[in-house]
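Predicted model, plus sequence, below.
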Amino acid sequence: MPLWGIVTISAAVAVLTAIAALEAFARRNFAKLFSRRNDEVVFRNEFKIKEAELNRDSAERIMSNPHEEVSLTGEGGVELYGIYADNGSSVTVVLVHGYAVDWKSRAYDAEQYLSRGYNVLLTDNTGHGRSGGKFITMGYLDARNVLYWCDWLVRAKGARNIILDGVSMGAATVLATSNYERREAVRGIIADCGYTSARDVLAFQMKKRHIPVFPVLPRICALARKNGFDLKACSPVEGVRKSSVPTLFIHGSGDRVVPVSMTGRLFNANASERELLITEGVGHGLSHIQAKERYGAAIADFVKEVTAE
């Protein structure tokens, strides 16, 4: 065989080997990132440990007091799970959790709202907790599901003043609801450390870990589409450009999971009335612990302002 033929075959084998390695790597990371998690998250950060303890205690109290376990059918026919606590208020807060946790991760915040006299609805996102779904969709299916929960609140509870409160992936989710038809009962959105898009935050984390964004991320996105969710279309920043809902943006400047610059972009792109709270030196989703007084005051003032009748 001529030398050029041997070289061509060797090059082809190398290319095919590289493609196979890329595919295997992308599939491993897709499964690691988006498959349903059943293991409990272990925290080492002292503030995260404190947060977990507060959430655990609050969840126990919520479950020991009058409440209603509710379910509805969400996007793709997935059965969704939630906890509703009625306080006899005209204001209901829907609390949306972050990545790879469940409703109990918002229990402490829910108890703060209950102490102010509001009703609360805590939900499990698709692929989390007691809700159905094989995959974590980074807010893609969850944004529509939040609106379905709002429809349920109006229909079943007569809700007329709804606040959507999300943290991290939950913040991205509630912001992304503005990509769809607004529910009139939704009076305000609170978004703590949300990302501009699922693709953006994945690219940020890959760069931190020295993983080549190209060609790995496009292949992961293709696998997501094949499994029923579109990471490129999961775009809170597009939602806020169309938003007509007053929004309070919150972010800790010490966040290493979702950069604070993403909230800056979201705030600047937002078309509705908006407020911004940056908590200095605070880590990811920890403003309610590390800057409790400022955080609590900002939320109390915002909810009061947007629900005034």
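Done, it's in.

Which strands or helices does the helix or strand that contains Leu266 pack on?
When secondary structure is defined by DSSP states H and E, Leu266 falls within helix 260-269. When contacts are defined as 3 or more C-beta pairs under 8 Å, 6 or more residues apart in numbering; DSSP states H and E, helix 260-269 sits against helix 236-241, strand 247-252, strand 274-279. No exception for glycine: its C-beta is placed from N, CA and C like everyone else's.

Which positions within the first one qualify as buried?
Spelled out, that is helix 236-241. 236-240 (16 or more other C-beta atoms under 10 Å).

Count the neighbours of Leu72 for me.
Leu72: 16 surrounding residues under other C-beta atoms under 10 Å.

is it fair to say it lies in a strand?
Yes: per DSSP: H, G, I helix; E, B strand; the rest coil, Leu72 lies within a strand segment.

List the residues that contact it.
Leu72 makes contact with 79-80, 82, 148-149, 152 under the criterion C-beta atoms under 8 Å, 6 or more residues apart in numbering.

same deal with Arg274?
246-249, 267 are the contacts of Arg274 under C-beta under 8 Å, 6+ apart.

Bridged to it, which residues?
Beta-bridge partners of Arg274, counted by DSSP bridges, are Thr247.

And it, how far from Arg183?
19 Å (C-beta to C-beta, to the nearest Å).

nearest residue to Arg37 other than its sequence neighbours?
Leaving aside its sequence neighbours, Arg37 sits nearest to Ala100 (C-beta to C-beta, 6 or more residues apart in numbering; 4.6 Å).

Mind pulling the model confidence for that neighbour?
As predicted, Ala100 sits at a pLDDT of 93.

Is it within a helix or a strand, and which one?
With DSSP H and E as criterion, Ala100 is part of no helix or strand.

what residue is smack in the middle of this protein?
Met169 (1.8 Å; C-alpha atoms, centre = their mean).

ok, now which ones touch that residue?
Counted by C-beta under 8 Å, 6+ apart, Met169 has contacts 97-99, 125, 138-139, 142, 195.

Give me the buried subset of these.
Applying 16+ other C-beta under 10 Å to the contacts of Met169, the neighbour count classes 97-99, 125, 138-139, 142, 195 as buried.

ok, the residues you listed vs Leu22, which is closest?
Closest to Leu22 out of these is Met138 (21.7 Å), distances taken as C-beta to C-beta.

Would you check how far apart the residue nearest to the closest one when sequence neighbours are not counted and Gly283 are?
With sequence-adjacent residues excluded and distances taken as C-beta to C-beta, 6+ apart, Met138 is closest to Ala198, at 3.9 Å. Per C-beta to C-beta, Ala198 is found 21 Å from Gly283.

what do you get for Ile250?
13 Å.

Correct me if wrong, but Leu114 is in a strand.
No: with three-state DSSP as the criterion, Leu114 is helix rather than part of a strand.

And it, how close does it get to Ala143?
25 Å.

Which one's more surrounded, these two?
Neighbours were counted for Leu114 and for Ala143 using other C-beta under 10 Å; Ala143 has more, 25 against 20.

which SSE is that one in?
Assigned by DSSP H and E, Ala143 falls in helix 142-157.

And that helix, what does it pack against?
Packing partners of helix 142-157 (3+ C-beta pairs under 8 Å, 6+ apart): strand 68-73, strand 79-85, strand 91-96, strand 119-124, strand 161-167, helix 169-176.

mind putting these in CSV, mean pLDDT included?
As requested, these are arranged in CSV below (pLDDT from 0 to 100):
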stretch, mean pLDDT
strand 68-73, 97
strand 79-85, 98
strand 91-96, 98
strand 119-124, 98
strand 161-167, 98
helix 169-176, 98
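
coming back round to it: which residue of Ile250 and Gly283 possesses the greater neighbour count?
Ile250 (28 against 19).

Could you check the pLDDT of that one?
Note on Ile250: pLDDT of 98.

Quick check: nearest residue in space to it, chain neighbours excluded?
Residue nearest to Ile250 in three dimensions, not counting chain neighbours: Asp192, with 4.2 Å by C-beta to C-beta, 6+ apart.

do the same with Gly285
Ranked by C-beta to C-beta, 6+ apart and with sequence neighbours excluded, the top spatial neighbour of Gly285 is Val167, at 4.9 Å.
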